[in-house]
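Novice: give me a model of this one.
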Amino acid sequence: MEAFDITGLIAAQRESHKLYLEFLRVPALSAGLYVLPAGGEDPQQPHEEDEVYYVLSGRGTIRVADDDRPVGAGSIVYVPARVPHRFHTIEEDLSILVFFAPAEAGPIAGSGG
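Specialist: Numbers count the residues shown, from 1 in each chain. Sure, this is the predicted structure:
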């Protein structure tokens, strides 16, 4: 079993100085913590994997294809593989749990990893 504490993940992400901290990788799934600052840019590009975002804290908007939706703590967004998407109009720092299925093939742009 692997278990994670969100407080520890947030601290590790801050220490990494990267936007994205992957904390789990198995063949069928990968998971990470993605943090975008208020007023910041989301540099990611479409992925080859299906993706689920769970917003832990913050406020902003996500665009998936041509659809914009506000997001905040408790928002859950599914993005199919290869669909363009990004967060924008980030009003408060966003902390987001990200789940890829199958495991992400490469790092999120801007993650530095």
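
Novice: now for the lengthiest strand in the chain, which elements pack on it?
Specialist: If you go by DSSP state E, the chain has its longest strand at strand 85-101. Strand 85-101 sits against strand 29-36, strand 50-64, with contacts defined as 3 or more Cβ pairs under 8 Å, 6 or more residues apart in numbering; DSSP states H and E. C-beta coordinates here come from the backbone N, C-alpha and C atoms, glycine included.

Novice: closest one to Val98 among those strands?
Specialist: strand 29-36 (5.0 Å; Cβ to Cβ).

Novice: next, the angle from the closest one to strand 85-101.
Specialist: 150 degrees (axes from the mean of the first three to the mean of the last three Cα atoms, to 10 degrees).

Novice: verify the stated contact: Gly58 with Pro70.
Specialist: No. Gly58 is beyond contact range of Pro70, at 11.3 Å (criterion: Cβ atoms under 8 Å).

Novice: who has more neighbours out of the two?
Specialist: A count of neighbours by other Cβ atoms under 10 Å puts Gly58 above the other of Gly58 and Pro70, at 21 against 11.

Novice: what distance do you get for the residue nearest to the more buried one when sequence neighbours are not counted to Leu56?
Specialist: Distance criterion Cβ to Cβ, 6 or more residues apart in numbering; nearest residue to Gly58, sequence neighbours excluded, is Leu94 at 3.6 Å. Separation of Leu94 from Leu56 (Cβ to Cβ, to the nearest Å): 8 Å.

Novice: neighbour-wise, which of those two wins?
Specialist: Legend: neighbour count by other Cβ under 10 Å for Leu94 and Leu56, higher for Leu94 (26 against 17).

Novice: check the gap between the more buried one and Thr61 for me.
Specialist: Leu94 is 10 Å from Thr61, by Cβ to Cβ.
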